[in-house]
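**Student:** how would this look folded up:
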Amino acid sequence: MTPFTVLRAPAVILDRANVDTDQIIPARFLRKPRGGGYNQFLFHDVRDAEPGFPLAATDNPPILIAGANFGCGSSREGAVYALADAGVRCVIAPSFGDIFAANAAKNGVLTIALPPGDIAALIEAVGRGAELTVDLPLERVRPDNGAAIGFAIDAFRKTCLIDGLDDIGLTLAHADAIAAFEAGDRAARGWAVPDTP
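**Tutor:** Okay, the predicted model is just below:
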């Protein structure tokens, strides 16, 4: 997983509430192999129905500013895959679906919950052409030539994002301890370990 520390980038605005995971990626695309990328499925049906929809299948600004309850609905990790594969690294909204936010962190996408007033200030700044700087170690977002806005994030999620650790990476970080336990267990309970050729 790519570490997330400081990101200075333009933002795209999707100022609507209750964007659910079925809008982000329709369920019929979830059976597609992950290796081919999910970006072409990002907001597939919405993009077809709404000419000029602000998000495309590729080359999106890395920061998305959205409305309340972003990523609500069913617990599909494919929604995060689609956003990440289309170039989105950070989503800022007043609130998120809990499972979406957890899936995002496990896939290197930072979710930042801010009060509606702060969201409005960021939307105004982006509308004037400002880029945003998202500083995860310092827990703040700052528009160009604007005041920094602080945010809070779970300490464990923050560490995993900064260090680029997904669930597999977290496990591998303890590889030496796991190997030592296995060796000790094999020595103490050799009868429980089957012979291997």
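**Student:** so where's the longest helix in the protein?
**Tutor:** Of all segments of type helix in the chain, defined using DSSP state H, the longest is helix 175-188.
**Student:** can you count the residues close to Gly129?
**Tutor:** 9 (other Cβ atoms under 10 Å). The way it works is simple: take the backbone N, C-alpha and C, and place the C-beta from them, glycine included.
**Student:** Just the helices from this structure, written as ranges.
**Tutor:** 21-24, 44-49, 78-85, 98-106, 116-127, 155-163, 167-172, 175-188.
**Student:** Retrieve the pLDDT associated with the nearest residue to Val193 once chain neighbours are set aside.
**Tutor:** Using Cβ to Cβ, 6 or more residues apart in numbering and skipping the chain neighbours, the partner closest in space to Val193 is Arg186 (5.0 Å). At Arg186, the model reports a pLDDT of 84.
**Student:** Ok, the one 4 residues further on next?
**Tutor:** What the model reports as pLDDT for Gly190 is 81.
**Student:** Same check on the one 4 residues further on?
**Tutor:** Here the pLDDT value assigned to Pro194 is 77.
**Student:** What about it, how many residues nearby?
**Tutor:** The burial count for Pro194: 5, using other Cβ under 10 Å.
**Student:** Could you pull up the residues touching it?
**Tutor:** Not one residue lies near Pro194 by Cβ atoms under 8 Å, 6 or more residues apart in numbering.
**Student:** One more: Ala104?
**Tutor:** Counted by Cβ under 8 Å, 6+ apart, Ala104 has contacts 71, 80, 83, 91, 96, 110-111.
**Student:** contacts for stretch 131-145?
**Tutor:** 4-11, 63, 90, 92, 110, 112, 114, 121-122, 125-126, 130, 148-153, 158, 161-162.
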